[in-house]
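Visitor: Next input, structure requested:
(4 chains)
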Amino acid sequence: MRVDYITGNTAIAEAAIVAGLKFYAGYPITPSSDIFEYLARELPKHGGHVIQFEDEIASINAVIGASWACAKAMTATSGPGFSLMLEAISLAVITETPLVIAYVMRTGPSTGVPTRAGQYDVLQATYGFHGGLVIPVLAASTPQEAYDLTVKAFNVSEMLRTPVVLLTDATIAHTYGKVIMRERGELEIIERIRPLTPPDKYKPYEPVKEHVPAMACFGDGYNVLVESLTHDERGYYAPRTDVQRKLMWRLYRKIVDSAPKLFDYSAIGLEGCDYAFISYGSTALSAQVAAKMLREKGYRVGTLKLRTLYPIYEDGIRKLVSSAKKVFVIENNVGLYYRELRAILRDKEVVSVPIIDLDLPQPQEIVEVVKQWL
Amino acid sequence: MEILIAGRGGQGILLLGHILGRAIAKHTNLYILGSEIYAAETRGGDSRVDLVVADREEDADFIKVMKADIAIFMHQLQLDAYKDLVRDGALVFIDKSNTTNIPQRNWKVYLEPYTDIAEKEIGNIRVANMVALGHLIKVTSIVPPEAVEDTIKEVVAREWVDVNIKAFRYYFSKS
Amino acid sequence: MAVAHPLDKYLRTDRIPTMWCPGCGLGIVMGTLLRAVDRRIKEGSLKRENVGFAGGIGCTARMTLYPLFDSAHVIHGRAIPFALAVKIVKPEMKMIVVGGDGDLAAIGGNHILHAIRRNADLLVVMVNNMIYGMTGGQVAPTTPRGLYTTTTPYGNPEREMNMIKLTAALGANYVARGSITHPQLLEQYLYKALGKRGLAFVEVISTCPELFGRHIGFRSPVDLYMEIRKRIVIKAKPSIEESDYSWEKGFVIGEFVDRDEPGFTDTIYEYLNKIRGGGVQ
Amino acid sequence: MGVRGLSQLRIAANKYFINIIPDRCKECGLCIAVCPTKVLGRGSERNLRGFRYVVALNPEKCIGCRNCEYNCPDFAIFIEVGAK
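Guide: Numbering: from 1, shown residues only, chains lettered A, B, ... in the order given. All right, here's what the predicted structure looks like:
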């Protein structure tokens, strides 16, 4: 165990190394680039490769390739870069390729304010790619969480053979914090399931455990097929409804059924509360302070900070805020994740508190907006 | 506990804040979050570090100072700009060399010529930040001074370590 | 006692016949490529489990579906970064990127530029049938000027893209152009290319009997094949300038570049070893 | 049987065997066109997929050049050395 005083971006890079990162491909983009630079300096010392590709498209496709050579692989980017990666994320979904994308959100749309924060891309992070499935999205609000969730992101990607997004923003990226870094041996590190069957019996897309197939890699002698087309368990293209149905439901279920296992949050004062604040990422810090201010004024306000945004664990969230009469969803955007929560909290009044701020929404501003609803 | 450190670009504000934050993180059981603001495009513009320190992790819950318990102001401009972020009863360290107008507040003010001390007594105007840091540590004892010196050695380029430590020790060598 | 086709050992025979149209040149390219691989495996310079294929999207990229090797059929234009990453992580691999002119010269153009700049250790086989076949016969960057396609119904007004010149200019270690009408010669180029470090680029002039040939008046695969064969000029040591082609002028085939600069993989492992050995701070 | 489930014709031809796998043939005619001695010709029988697969009309003329094998896009024909 080590203790250090590092930024959110550095925490991600450090955690990736501990998780076993062996290949990083990237293209510079503010405010994610210092993850890249840090890894360029440190990862080779651990025998890993860091390569700057010609664009984000090449980067993510290289990450997929590296993962199929059985290296743990990641990239880091921000909104515009993530948009360029979307097509390949879809490829990673259908080919069930474990990989991690650290997504450091900045102010948008388009070039926006590249150095400043926002939470505009929370939906793009999981719904952006074509094909209508879901990938896990974890959200950090402090350097410590960035560290812990990066390790978790790798574990989830390996366990479920899926791309995983670790979502932060420009504020967390450059916030310093005390980070307790656990080393290998002090942490649970999950590795993908490798085939136990001999090559002639191996089917690259046949689930062996909870919808997840075992993964052989390039060079293992298994004649693997990485197939972007709709495929059967052998990886053979099969343009048939029965095959498509089976594949879609398996890819969907393996993520969505894991929601309880992936659910990660912190709750303060939710038991017996009248009002619940739900937030995530850097804005959760503002929401917690705002809640504290209201509690000091006698209101029974609890906060739920979500660290797992997708898959959504509906029952878990419902239970946590069950005593609240009103639920406020506080975000640094026009009210995006609110739509998700409104859909699952149908028996409650769910209020969107969208506060656009280039940095952190001010707690006082949250209090003022919320007060009219109390 | 909230600590605000503010001054103009070029005064070493970020380094001061980083060394203090790092020393607290690595050498105490306290939790800490820290954020930096600097106006990159204009040297001489705002430079500010906010540190939020708490006994429990969940109480180090914000990265911006709401009401500072401790503040360092190295320049008049930032003193004017951020004086309302400092609570009554706070300990406020002000560089007398760069200020003329101290607001009438219910603070415990330490008005000391950090810049002049650095220039005349240490021999390098650039270490005014460490003079101020030494003063803050001596008064508050947030972290043991040795921990700060270790942190200086970790963070500062080798050839500048001695002069920074000398500046940091200034107030400790005075009785 | 019947014997199997000599290439069956390298084929997912349960997927044969291929999806390609009758007379499509792609089957010839695949057979030729597998023969070249076979020679390398037989002589011991290549291990079977170390041969990997990657292709993007298009009829040519479907060539990744049939060989009984590690294989990746990825997204349009992006096979090069995929293959390069495999090669970097597992330098013992010999990665073969197969793609059409659309896949590699159009949508994937940026990746090929930078793969060559790096002298990435890949064999890139670009099958040039001068058309977008899979999507129905639209113009490609390689379509000769003047020819009809479904998106240039009045004739293609654009200049043909000469990938030989491009790859040669950027410093590939090996650049050759073959033709499906001369498969034995093509096999020589591919065999040689498989033995190269750095980037080897082999363009193959091929046919799309359905959506190129028929559209410009050749009614059968044989007619188009014979027409192309007429327009092929074999040269022992052609100059780069001679690689420019047009429908009228025809296509010079041969080896345009053959050099032996260090490949990307060697270089990055050299760095990595230095860093790990403490040679780089 | 060379291939599981597929029938294979093995025609003794001079010093060679001409092997044809009818169900792989797509009737493109390339092998017929590239044969320098006009050994091959269009057949009249249809295979599994309805193609009239190639036949060896004049096997005795085979010179073993393997042009047919090299130019067949479908692995449907190959030459074996060794017949008498």
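
Visitor: Could I get the average pLDDT for stretch B:86-102?
Guide: Averaged across stretch B:86-102, the pLDDT comes to 97.

Visitor: Sorry, wrong one. I was asking about stretch C:112-131.
Guide: 97.

Visitor: distance between that stretch and the chain's centre?
Guide: 7 Å (Cα atoms, centre = their mean, to the nearest Å).

Visitor: Export only the CA atoms of that stretch, formatted as PDB.
Guide: Coordinates of each C-alpha in stretch C:112-131 appear next as PDB, following Å, rounded to 0.1, in the frame of the first residue of the first chain:
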ATOM      1  CA  ILE C 112      -2.000   3.000 -44.100                       C
ATOM      2  CA  LEU C 113      -0.100   6.300 -44.300                       C
ATOM      3  CA  HIS C 114       1.000   6.000 -40.800                       C
ATOM      4  CA  ALA C 115       1.700   2.200 -40.900                       C
ATOM      5  CA  ILE C 116       4.100   2.800 -43.700                       C
ATOM      6  CA  ARG C 117       5.700   5.800 -42.000                       C
ATOM      7  CA  ARG C 118       6.400   3.600 -39.000                       C
ATOM      8  CA  ASN C 119       7.500   0.800 -41.300                       C
ATOM      9  CA  ALA C 120       5.100  -1.300 -39.300                       C
ATOM     10  CA  ASP C 121       5.800  -5.000 -39.500                       C
ATOM     11  CA  LEU C 122       2.700  -6.000 -41.600                       C
ATOM     12  CA  LEU C 123       2.000  -7.600 -44.900                       C
ATOM     13  CA  VAL C 124      -0.700  -5.500 -46.400                       C
ATOM     14  CA  VAL C 125      -2.400  -7.100 -49.400                       C
ATOM     15  CA  MET C 126      -4.600  -4.600 -51.200                       C
ATOM     16  CA  VAL C 127      -6.800  -6.200 -53.800                       C
ATOM     17  CA  ASN C 128      -7.600  -3.600 -56.400                       C
ATOM     18  CA  ASN C 129     -10.700  -4.400 -58.300                       C
ATOM     19  CA  MET C 130     -11.200  -0.700 -59.000                       C
ATOM     20  CA  ILE C 131     -14.700  -0.600 -57.600                       C
END
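
Visitor: Let me see the backbone angles for the nearest residue to residue A:235 once chain neighbours are set aside.
Guide: Once flanking residues are discounted, residue A:235 sits nearest to residue A:225: 3.2 Å by Cβ to Cβ, 6 or more residues apart in numbering or on different chains. From N, CA and C alone the C-beta is placed, and that goes for glycine too. Main-chain dihedrals, residue A:225, degrees, to the nearest 10: phi -120, psi 120.

Visitor: Next one: residue A:225 from residue C:259, what distance?
Guide: Distance, residue A:225 to residue C:259, by Cβ to Cβ, to the nearest Å: 35 Å.

Visitor: just residue C:102 next, same as before
Guide: Residue C:102 sits 28 Å away from residue C:259, taking Cβ to Cβ as the criterion.

Visitor: and those two? which has more neighbours close in?
Guide: residue C:102 (30 against 13; other Cβ atoms under 10 Å in any protein chain shown).

Visitor: pLDDT on the longest helix along chain B, on average?
Guide: If you go by DSSP state H, chain B has its longest helix at helix B:13-27. In this model, helix B:13-27 has a mean pLDDT of 97.

Visitor: can you check stretch B:121-140 too?
Guide: Per-residue scores along stretch B:121-140 average to 97.

Visitor: and residue A:235, what does it touch?
Guide: Residue A:235 sits next to A:203, A:204, A:205, A:224, A:225, A:226, A:227 when contact means Cβ atoms under 8 Å, 6 or more residues apart in numbering or on different chains.

Visitor: farthest pair in those residues?
Guide: Using Cβ to Cβ, those span at most 13.6 Å, a distance reached by A:203 and A:226.

Visitor: Between these two, which is the more surrounded one?
Guide: More neighbours surround residue A:226 than the other of residue A:203 and residue A:226, with 28 against 19 (other Cβ under 10 Å).

Visitor: Tell me who's in contact with the more buried one.
Guide: A:64, A:68, A:95, A:97, A:235, C:71, C:72, C:73, C:74, C:82.

Visitor: for the nearest residue to the third one once chain neighbours are set aside, helix, strand, or coil?
Guide: Just to be clear, that refers to residue A:95. Nearest residue to residue A:95, sequence neighbours excluded (Cβ to Cβ, 6+ apart): residue A:226, at 5.0 Å. What DSSP: H, G, I helix; E, B strand; the rest coil gives for residue A:226 is strand.

Visitor: Pull up the per-residue confidence for residue A:226.
Guide: pLDDT, residue A:226: 98.
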